[in-house]
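*Asks:* next one to model:
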Amino acid sequence: MKLSLFDLHADTAWAMYQTKQPLGSNTLAVSLDKAQKYERYIQTMALWTSPRLSNEDGYLELLKTVENLKNDPALLSGDAELCTSCPARNSEKTSLILSVEDARVLDGRIERVAELANLGVKSVIPMWSGETCMGGSHNTSVGLTDFGKHATKEMLAHGMVLDISHASPQTSNDIFEICAAHNAPVIASHSNAHPICPVSRNLEDWQTRAILASGGIIGLNLYRAFLAEDGEATLDTILSHIEHFLSLGAENALALGCDMDGADLLSDIPDLSYLDRLAEHLLSHGYTQSLVDALFFENAYRFAQNHF
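*Replies:* Sure thing, here's the model as predicted:
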């Protein structure tokens, strides 16, 4: 039986726009031809923009990235679909869901939250690096700005899910508090376990527990530097992160957020077509098929059914 795959984070939409390559077949890590081995494939496409751009220019590039994706031949032909709600489980199409990575592009303009919602954005990573109009990223010691708090509440009002990947501990805490007040889940779409690899981008145990308590999910990141400090990551390294999250009770909340086309991936999984190697590795180490299915698809799909 083929695996189904629901991946919570890829930068492929940005990479497609930058390289002028289509979704169907390309030299990127994600493409439809590479996804053929999966029975069902759902991909969250992160709308990231380079920090070299101003907030305003970043927003304009985000809009161009979405337009480029909508006009891709695979979407125009119906081989892939851009979803504004949880896609049908039995759809034969590749389903794409939009997220925003680095909401600095709001540039202090609260009306842009509604504009992003109208584009179909379902989740938001408020920051990426440094201090912005939204607040502090993982490499800072500050939390949300007043605008960031206002924007976060506005995102929730528009049905968006907040994602603390890239957030500082202070920003994470602010987001947890706001989301708790609105009975909303918090996710980390592409973050690993800090006790296994102690870099600022990974989740400390208190963050993991808070995500689980909120009803959120966690996507494992395949970026070598977030798996192992020295970058020498293997499939066994991923297992170490999985085992740590499972020890905290994440069996119904652990998913994949591979960060393809946005990170230096481990050599065992250079692109989407090799991701089944992780499933085979898990099974060979005594993990059940049901847990593998949960990690690859079911946990993320159940969350999407309830919140997208």
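*Asks:* which residue ranges of the stretch 1-150 of the chain form strands?
*Replies:* Taking DSSP state E, counting those that start in this stretch, the strands of the stretch 1-150 of the chain run over residues 5-10, 41-48, 80-83, 94-101, 121-125.
*Asks:* helices or strands next to the last one in the packing?
*Replies:* Which is strand 121-125. strand 41-48, strand 94-101, strand 161-163 (3 or more C-beta pairs under 8 Å, 6 or more residues apart in numbering; DSSP states H and E). In short, each C-beta sits where N, CA and C put it, glycine included.
*Asks:* in TSV: the ones you listed, plus mean pLDDT, distance to T12 and mean neighbour count.
*Replies:* Below are the helices and strands packed on strand 121-125 laid out as TSV (pLDDT from 0 to 100; distance: least, C-beta to C-beta, whole Å; neighbours: other C-beta atoms under 10 Å):
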stretch	mean pLDDT	distance to T12	mean neighbour count
strand 41-48	98	6	26
strand 94-101	98	9	24
strand 161-163	98	17	26
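*Asks:* could you export these as CSV, including distance to E229?
*Replies:* Output for the helices and strands packed on strand 121-125, formatted as CSV (distance: least, C-beta to C-beta, whole Å):
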stretch, distance to E229
strand 41-48, 24
strand 94-101, 23
strand 161-163, 24
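*Asks:* quick check: pLDDT value at E92.
*Replies:* The model reports E92 with a pLDDT of 89.
*Asks:* what do you get for P22?
*Replies:* For P22, the predicted pLDDT is 98.
*Asks:* contacting residues around it?
*Replies:* If you count contacts by C-beta atoms under 8 Å, 6 or more residues apart in numbering, P22 has them with 16, 72-74.
*Asks:* and the two most separated of these?
*Replies:* M16 and P73 (11.2 Å; C-beta to C-beta).
*Asks:* shouldn't D79 be in contact with D33?
*Replies:* No: with contacts counted by C-beta atoms under 8 Å, D79 stays clear of D33, the gap being 10.6 Å.
*Asks:* thinking again about what came up before, mark which of the contacts of P22 are buried, thanks.
*Replies:* 16, 72, 74 (16 or more other C-beta atoms under 10 Å).
*Asks:* let's see which of these end up in helices.
*Replies:* 16, 74 (DSSP state H).
*Asks:* which helix runs longest in this structure?
*Replies:* The chain, longest helix under DSSP H: helix 55-70.
*Asks:* packing partners of that helix?
*Replies:* Helix 55-70 is packed against helix 12-19, strand 41-48, strand 94-101, helix 111-119, with contacts defined by 3+ C-beta pairs under 8 Å, 6+ apart.
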